[in-house]
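*Asks:* Any chance you can model this:
(chains A, B, C and D)
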Number of protein chains: 2
Amino acid sequence: MTLKQLEAFYWAASAASFGVAAERLHVSQSTLSKRIAELEAQLRKDLFDRSGHRAMLTEAGEQLLPLARRMLGLADEMRTLVAEGGGVRGHCRFGVGELAALTWLPDFVAFVRATYPDLVLEPQVDLGAALEQRLESGELDFAVVAGYSSRSAIASEAIAEVRFSWAASPALVGAQRVITAKLLQDTALITMPAAAGPTRMLEHWLAVNNLEAGRRLTCNNLAAIAGLIAAGVGIGLFPNGWLKQMAERGSVVELRSRPALPALEYTIQWRRDDSRPLLQKIREAVRETVDFSKPSPLW
Amino acid sequence: MTLKQLEAFYWAASAASFGVAAERLHVSQSTLSKRIAELEAQLRKDLFDRSGHRAMLTEAGEQLLPLARRMLGLADEMRTLVAEGGGVRGHCRFGVGELAALTWLPDFVAFVRATYPDLVLEPQVDLGAALEQRLESGELDFAVVAGYSSRSAIASEAIAEVRFSWAASPALVGAQRVITAKLLQDTALITMPAAAGPTRMLEHWLAVNNLEAGRRLTCNNLAAIAGLIAAGVGIGLFPNGWLKQMAERGSVVELRSRPALPALEYTIQWRRDDSRPLLQKIREAVRETVDFSKPSPLW
DNA sequence: CACTCTTACGGCACCCGTAAGAATC
DNA sequence: GATTCTTACGGGTGCCGTAAGAGTG
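*Replies:* Sure, this is the predicted structure:
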């Protein structure tokens, strides 16, 4: 019986499939399969029922799982106990929404690289819903997205409230500085995909205020959206920090709306069953660096 | 970091020396040394201070030790959890005194072999004091000896009270059936070495009753002593069970004494820090089979 | 046919034990 | 010099990844 075998068993049992678990452990799927088979041979007991399409835990496997969990936790405890520099090492895969990717991500990565030089970060930018699913399936260690997760296996902690304002090119709106029903009807509304946090917030606001948008333009790239708005293609939302900087340069103007747009709450999400010290340090680092109003260094 | 490394570390830290730990784990001493070195390299921290003649735990080692202990305990828990047949496997080294070796040992070995066919027993016969030391040094898993241990690291549990009687050849004592001061003076007293439990009990009895023995004959082999007594060389003590059987054959007679010899308490002793399920099963087996009055199958 | 897991197999790395070396008492 | 631990080294094996196979839905 080895720690590698137990690690393979634990992740295979708690991730969505052997393949996901293998990827997470940075080994081939065949290696992971063999490690589990060897553990089963060692214990002379099947831990997975392979009769179906996907491997399911047997009763023995269910019993072993919490012990394996404690074992791996203990191993982590050992590593952190003796490591003087906090002892955060290895790989960390995480997901961020577009907004976070373009504002906070560079600072976060710089901070983590400075604080934990032995930690390799692997950020992945996607929509919150997709990230949540990959988080639950074990592909990611944590995610920073808009809103709380509704999944029981995932914990959420609020880290920031982001305020948005309407923005448009001065060439598009002339002297108008207020959002009106007519303006919404007459100009294109440029947004992220419907599943994105800011878009959901916007749709909710429109519905509550009995407003309807005319033409829609959806783009899955926030930087591209900013470019489109600045180019006068349509109106859209900018986080306040961006708007301020771009307004100073005269490339866009702020449009006021009544009522104002609500703040959008961003959270860090992680698997409840992941108690690694790594994750606690990472959460500290997120809280330490969080700032979604900072303009992208790109413009 | 592997379980083998942690096992090596744990036993090296809690046994008397690397050599003893290596023997216990059935690996060469160089292998054990390397496993520890690899663990230290892995953790980037020295666990032993090798500057002196023998390796001493560093502070980091002291901190790690309880975690390693919990880890190995967890591993044992896993093995027993999934093992249906009680799951007692592997090797078990233990010590027994001469008396236990000649009476209870065969029954015990037979019982254990029948109950736990995958367990390999390695009994070692020696004096209680020597066994205790080897127990503490990690060479033995448990010992069955006379009296309680005074060492704090060793736990003792009473398992039997053994009563002894004086015995002599009828040719030696004629019609006399009572121990007198004169008899003790005139005939040789045949005993086990001074450190043996029955001998210590006897010496105490002599001192309390202000008696002195004349010639002494010490032998480290209980079966040989029995032969010497039956041959009329001198008087000595037999456990009551033996005496009864030999008296029926007429080879020896019982001599009464006033006051009677006190009972001698036998215990099973084990290291307090050894919480393996194996040991609990073994203790059950000992209690199940314990009987020191049974005559040796040899005569 | 897509998906998931297992098996076969070649190659490499790791780990073991023997034997010699270094250091302490 | 005896004891304790480390280092050097040859040999075997255990483990990895690639690729093909088997079974399910």
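*Asks:* Please name the residues that touch the residue of chain A most remote from its centre.
*Replies:* Relative to the centre of chain A, the most outlying C-alpha is that of A:R44, 40.5 Å out, by C-alpha atoms, centre = their mean. Counting by C-beta atoms under 8 Å, 6 or more residues apart in numbering or on different chains, A:R44 makes contact with B:V82, B:A83. Where C-beta positions appear, they are placed from N, C-alpha and C, glycine not excepted.
*Asks:* ditto for the one 3 residues further on
*Replies:* Neighbouring residues of A:L47 by C-beta under 8 Å, 6+ apart: A:F9, A:A13, A:I36, A:L39, A:E40, A:L57, A:T58, A:A60, A:G61, A:L64.
*Asks:* Tell me what the residue lying closest to A:L261 once chain neighbours are set aside is bridged to.
*Replies:* Of all residues not flanking A:L261 in the chain, A:F164 sits nearest, at 5.1 Å (C-beta to C-beta, 6 or more residues apart in numbering or on different chains). Beta-bridge partners recorded for A:F164 (DSSP bridges): A:P239.
*Asks:* I'd say A:F164 and A:G236 touch.
*Replies:* No. Look at A:F164 against A:G236 with C-beta atoms under 8 Å: they stay out of range, at 9.3 Å.
*Asks:* Looking at these two now, which is surrounded by more residues?
*Replies:* Taking other C-beta atoms under 10 Å in any protein chain shown, A:F164 and A:G236 do not tie; A:G236 has more neighbours (26 against 22).
*Asks:* and the gap between that one and A:Q185?
*Replies:* Using C-beta to C-beta, to the nearest Å, A:G236 is found at 15 Å from A:Q185.
*Asks:* what do you get for A:Q29?
*Replies:* 53 Å.
*Asks:* One more: A:L119?
*Replies:* Taking C-beta to C-beta, one finds A:L119 at 50 Å from A:Q185.
*Asks:* Comparing the two, which shows the higher neighbour count?
*Replies:* Neighbour count, other C-beta under 10 Å: between A:L119 and A:Q185, A:L119 has more, with 18 against 13.
*Asks:* so where is chain A shaky, pLDDT-wise?
*Replies:* A:85-87, A:296-299 (pLDDT under 70).
*Asks:* which stretches of it form helices?
*Replies:* For chain A, helices defined by DSSP state H occupy the ranges A:3-14, A:18-25, A:29-43, A:59-82, A:98-103, A:105-115, A:128-136, A:170-173, A:181-186, A:197-208, A:222-230, A:240-248, A:277-289.
*Asks:* buried stuff in the last one?
*Replies:* For helix A:277-289, burial by neighbour count (16 or more other C-beta atoms under 10 Å in any protein chain shown) applies to A:P277, A:L278, A:L279, A:K281, A:I282, A:R283, A:A285, A:V286, A:T289.
*Asks:* just these that are near DNA strand D?
*Replies:* Of the residues in the buried residues of helix A:277-289, proximity to DNA strand D by C-beta under 7 Å from any atom of the strand holds for none.
*Asks:* DNA strand D: which of those is nearest?
*Replies:* A:L278 (21.0 Å; C-beta to the nearest atom of the strand).
*Asks:* Now do the nearest residue to A:K45 once chain neighbours are set aside against B:T199, distance only.
*Replies:* Spatial nearest neighbour of A:K45, excluding adjacent residues (C-beta to C-beta, 6+ apart): B:V82 at 4.3 Å. B:V82 is 47 Å from B:T199, where distance means C-beta to C-beta.
*Asks:* who's more crowded, those two?
*Replies:* Neighbours per residue (other C-beta under 10 Å) separate B:V82 from B:T199, with B:V82 holding more: 22 against 19.
*Asks:* Can you verify my assumption that that one contacts A:G61?
*Replies:* No. Taking contacts as C-beta under 8 Å, B:V82 lies outside contact range of A:G61: 9.2 Å.
*Asks:* show me the contacts for the closest residue to DNA strand D within the stretch 151-299 of chain A.
*Replies:* As assessed by C-beta to the nearest atom of the strand, DNA strand D sits closest to A:R276 within the stretch 151-299 of chain A, at 20.2 Å. Going by C-beta under 8 Å, 6+ apart, A:R276 touches A:G73, A:D76.
*Asks:* and if we set it to 6 Å?
*Replies:* Each residue near A:R276 by C-beta atoms under 6 Å, 6 or more residues apart in numbering or on different chains is listed here: A:D76.
*Asks:* again with the one 5 residues further on
*Replies:* With contacts defined as C-beta under 6 Å, 6+ apart, the neighbours of A:K281 are A:V88.
*Asks:* can you check A:F48 too?
*Replies:* For A:F48, the contact set (C-beta under 6 Å, 6+ apart) comprises A:A55.
*Asks:* Show me which residues of chain A sit near DNA strand D.
*Replies:* Within chain A, the positions adjacent to DNA strand D are A:2, A:4, A:26-31, A:34-35, A:38, A:51-53 by C-beta under 7 Å from any atom of the strand.
*Asks:* Please type out the PyMOL selection for whichever of those turn out to be buried.
*Replies:* PyMOL command restricting those to the buried ones, with burial defined by 16+ other C-beta under 10 Å:
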select buried, chain A and resi 2+4+27+35
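*Asks:* In the stretch 151-299 of chain A, which residue sits nearest chain B?
*Replies:* A:P277 (13.2 Å; C-beta to the nearest C-beta).
*Asks:* Find the residue closest to that residue in space, skipping its chain neighbours.
*Replies:* A:T80 (4.6 Å).
*Asks:* Check A:L172 too.
*Replies:* A:G232 (4.4 Å).
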